[in-house]
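[1] compute the structure for the input listed below.
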Amino acid sequence: MSDTLTLSAETRDRAGKGASRALRREGRVPAVIYGNKKDPVGISVNERELYKLLMTGHFMNSVVMINGERTLPKDVAFDVVTDRPIHVDFLRIGEHSTVHVNVPIIFTDEEEAPGIKRGGVLNIVRHELELVCDAAEIPDDITISLKGVEVGDSIHISAVTLPKGVKSAITDRDFTIATVVAPSALKSSEGDTATTEAEGEGE
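    Numbers count the residues shown, from 1 in each chain. Okay, here's the model as predicted:
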C-alpha cells in the first residue's frame, strides 16, 4: 500500500498570473485544495519538497497530508520549457473515501513466458490501471505474471487478480493490458509501411 506523504503549505492570499509568478520566483508552487463539500483553498507549497515527492514515483496514487488535511493529488502542471512543476490540484478526501487512482503495472516472470523466450515481444497497451478503492488501501502497483504466456496471447483485465476491495474503474469491457507479438509480425508491418511510402513517392 502507498505510504501517506506529507507536504507543508502556506495559504495563498492573492490569485492571478502575477501572484503566481512571484511565488515561483520565491521557490514556491501555487496549488489548490478542493472537494469534500468545502470551498476551494488556494495554497502554495515548497518546490523542493514537492519535487522530492514527485520523484518517489507514486505521488499521484498516494494520500498527501497537507497541514492536517487528507488529500489526493489530481493534476500537476509542468512548464513546457523547464519541466518544473507550476501548479498542483489536490482533492480533499475522508480517511476511507472511495477514490479513483491510476496505479502502475509491473510485469514479472518474463523468463517463464515461452512466447518471450522464443523471441516474442511484450507489447504493453496500458502502463497503468485506473482503479477504484478505499483511500486507506491504495496499492503501490499491480503485479502481472507473464508465466506461461505464448506468442499471440493477450492479457486482459479479467485475468488480473486485484487486491481485496480494489476494482477496475472500467467495467463495461474486458480491455487488453498487453499482448505478446512475434518479432516477424512487427518487422512485416514496418516493411509494409515503408513499401506504401515508397509507392506513394513514386506516384
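[2] how is the protein divided into domains?
    Per automatic domain parsing, the domain ranges recorded for the chain read 5-94, 99-202.
[3] save those domains as TSV, and put in mean neighbour count and mean pLDDT too.
    For the C-beta atoms, the positions are set from N, CA and C on the backbone; glycine is no exception. Shown next, in TSV, are the domains of the chain (neighbours: other CB atoms under 10 Å; pLDDT from 0 to 100):
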stretch	mean neighbour count	mean pLDDT
domain 5-94	15	91
domain 99-202	14	86
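[4] so how far is T179 from E111?
    Counting by CB to CB, to the nearest Å, the separation of E111 from T179 is 19 Å.
[5] I meant R70, not that one.
    39 Å.
[6] cool, D89 as well?
    Counting by CB to CB - D89 and T179 are separated by 34 Å.
[7] can you pull the contacts of the closest residue to F175 other than its chain neighbours?
    Nearest-residue entry for F175: I157, 5.5 Å, with adjacent residues in sequence omitted and distances by CB to CB, 6 or more residues apart in numbering. Each residue near I157 by CB atoms under 8 Å, 6 or more residues apart in numbering is listed here: 129, 168, 170, 174-175, 177.
[8] what ranges does the chain have for its helices?
    Assigned by DSSP state H, the chain shows helices spanning 17-25, 47-54, 114-117, 183-202.
[9] now for the second one, which elements pack on it?
    Applying 3 or more CB pairs under 8 Å, 6 or more residues apart in numbering; DSSP states H and E, one finds that helix 47-54 contacts strand 5-7, strand 28-35, strand 85-92.
[10] can you list contacts of that helix?
    5, 7-8, 24, 27-29, 59, 62, 64, 76, 84-85, 88.
[11] 6 Å instead, please
    Helix 47-54 has contacts (CB atoms under 6 Å, 6 or more residues apart in numbering) with 5, 7, 27, 29, 59, 85.
[12] got the angle for that helix vs helix 17-25?
    Interaxial angle, helix 47-54 versus helix 17-25 (axes from the mean of the first three to the mean of the last three CA atoms, to 10 degrees): 80 degrees.
[13] what angle sits between helix 47-54 and strand 28-35?
    60 degrees.
[14] before we move on, back to that, adding distance to I43, write the contacts of I157 out as JSON lines.
    Formatted as JSON lines, the contacts of I157 follow (distance: CB to CB, whole Å):
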{"residue": "L129", "distance to I43": "30"}
{"residue": "S168", "distance to I43": "33"}
{"residue": "I170", "distance to I43": "32"}
{"residue": "D174", "distance to I43": "41"}
{"residue": "F175", "distance to I43": "37"}
{"residue": "I177", "distance to I43": "37"}
